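# Fold the following, please.
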Amino acid sequence: GEVKGMGGGGFFSFGRKTKSKPLPPSPPDERTPEEVAEASGGVLTAEEVVHMRELFNETDADKSGHVDEKEFEGLVKKLCKEDKTPVPKHKDLLAAFKEADSDGGGAVCMEEFTSLYIKVKKGEVKGLGGGGFFSFGRKTKSKPLPPSPPDERTPEEVAEASGGVLTAEEVVHMRELFNETD
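Below is the predicted model:
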């Protein structure tokens with residue numbers, strides 16, 4: 001464990017301390033980053049896919065094509081650090097690993113991790129996600145915000161302030177849509 005007080009001595013050994021025989025290497029995800037981004041329904045950009053794969057490959061120390069629980073935990077921590085989001089609870093990490101390990105092989109390959117990554121981004125994984133990649137369950141029950149004052153400017157003033165990007169008609173339409181959702 002490189003972090004004082006964490007890791008090492010089985011802190012994140014996720015329970016399964018069985019020394020099983022090594023898994024056969026996992027095949028790489030043959031899809032292009034663009035294909036993965038498209039398959040994610042716009043949740044990921046091709047750039048995010050490339051970056052995620054780089055981190056995955058850095059984490060996959062033995063170049064097996066998959067990460068075990070310990071490597072998975074390190075990968076998630078790296079992503080949290082980059083996103084400046086809190087690391088999830090141990091039980092949530094363990095549950096996420098088990099969910100990602102869709103074939104139950106005890107390791108997560110690139111494709112399984114990518115699927116998890118997309119689900120987390122969509123906020124579909126309990127204890128993890130939504131927003132920034134692993135905005136991990138910041139489910140703080142904050143008090144409601146006070147009402148915001150209305151924009152007192154005329155649509156023409158807003159259009160002018162936009163430097164010609166918006167027309168007065170677009171400002172009116174945008175405000176109508178905003179008020180419908182508020």
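
# distance between stretch 34-42 and the chain's centre?
Counting by C-alpha atoms, centre = their mean, to the nearest Å, stretch 34-42 is centred 14 Å from the centre of its parent chain.

# what do you get for stretch 26-34?
Using C-alpha atoms, centre = their mean, the offset of stretch 26-34 from its chain centre is 18 Å.

# What of stretch 63-83?
12 Å.

# mind listing what's buried in the helix or strand Leu94 falls within?
Per DSSP states H and E, Leu94 falls inside helix 90-100. Going by neighbour count (16 or more other C-beta atoms under 10 Å), the buried part of helix 90-100 is 92-97, 99-100. Heads up, the C-betas are built off the backbone N, CA and C, glycines and all.

# and that helix, what's its mean pLDDT?
The pLDDT scores in helix 90-100 average 86.

# Give me the helices and strands touching the next helix or strand after it, please.
Sequence-wise, the next helix or strand downstream of helix 90-100 (DSSP H and E) is strand 108-109. Contacts defined by 3 or more C-beta pairs under 8 Å, 6 or more residues apart in numbering; DSSP states H and E place strand 108-109 against strand 66-67.

# pLDDT (mean, whole number) over the strand it packs on?
Per-residue scores along strand 66-67 average to 90.

# That strand pairs with which strands?
Strand pairing for strand 66-67, using DSSP bridges, gives strand 108-109 (antiparallel).

# Give the buried residues for the strand or helix carrying Lys70.
Assessed by DSSP H and E, Lys70 sits inside helix 69-83. Using 16+ other C-beta under 10 Å as the test for burial, helix 69-83 gives 69-77, 79-80.

# name the helices or strands packed onto the helix holding Leu94?
helix 69-83, helix 110-121.

# what angle separates that helix from helix 110-121?
130 degrees (axes from the mean of the first three to the mean of the last three C-alpha atoms, to 10 degrees).

# Okay, angle between helix 90-100 and helix 69-83 too, please.
110 degrees.

# How far does helix 90-100 sit from its chain's centre?
14 Å.

# again, but for stretch 38-48
With C-alpha atoms, centre = their mean, you get 12 Å for stretch 38-48.
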